[in-house]
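>>> Provide a 3D model corresponding to the input given below.
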Amino acid sequence: MPVALPPELEQFIQNQVTSGKYASVDEVFLAGIKLLEERERLYQGRFEELRSEIMVGVEEANRGELLEVETVINRLQEKLQQRRIQSEQ
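This next block holds a predicted model:
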């Protein structure tokens, strides 16, 4: 499959091979594709998790179980902080 790349990406790939990080251009492409595949898998998993959380919220709202805006914001900030800590580990 022929691939047309901008010169700066061609140079980057060549540098990866020349530096010895990868044995061939094919290995560089495979590594990049594997990273993309993993990112997509993580994105899809997170998307499904968010969809599930939204549905829980919709069901709670339908039952009249609503929260104050401040409570929601505080919970979101706590979750964001937890994710930041996890990503730093």
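
>>> Remind me what the host helix or strand of Glu59 packs against, helices and strands.
Secondary-structure assignment from DSSP states H and E places Glu59 in helix 25-62. The helices and strands touching helix 25-62, judged by 3 or more C-beta pairs under 8 Å, 6 or more residues apart in numbering; DSSP states H and E, are helix 7-18. Every residue, glycine included, has its C-beta placed from N, CA and C.

>>> Using the three-state scheme, assign the most far-flung residue of the chain relative to its centre.
Most distant from the centre of the chain: Gly64, at 33.6 Å, with distances by C-alpha atoms, centre = their mean. With DSSP: H, G, I helix; E, B strand; the rest coil as the basis, Gly64 sits in coil.

>>> hmm, back to that, for the helix holding Glu59, list every residue counted as buried.
The neighbour-count check on helix 25-62 (16 or more other C-beta atoms under 10 Å) flags Val28 as buried.

>>> Return the distance of that helix from the chain's centre.
6 Å (C-alpha atoms, centre = their mean, to the nearest Å).

>>> angle of that helix against helix 7-18?
Between helix 25-62 and helix 7-18, the angle comes out at 110 degrees (axes from the mean of the first three to the mean of the last three C-alpha atoms, to 10 degrees).

>>> Kindly provide the whole-number mean pLDDT of helix 25-62.
The predicted model gives helix 25-62 an average pLDDT of 93.

>>> measure Tyr34 to Arg41 for me?
Actually, residue 34 is Lys. It isn't Tyr. Plainly put, Lys34 is 11 Å away from Arg41 if you go by C-beta to C-beta, to the nearest Å.

>>> ugh, wrong one, I meant Gln81
Applying C-beta to C-beta, the value for Gln81 to Arg41 is 25 Å.

>>> Likewise for Glu10?
Glu10 is 28 Å from Arg41, by C-beta to C-beta.
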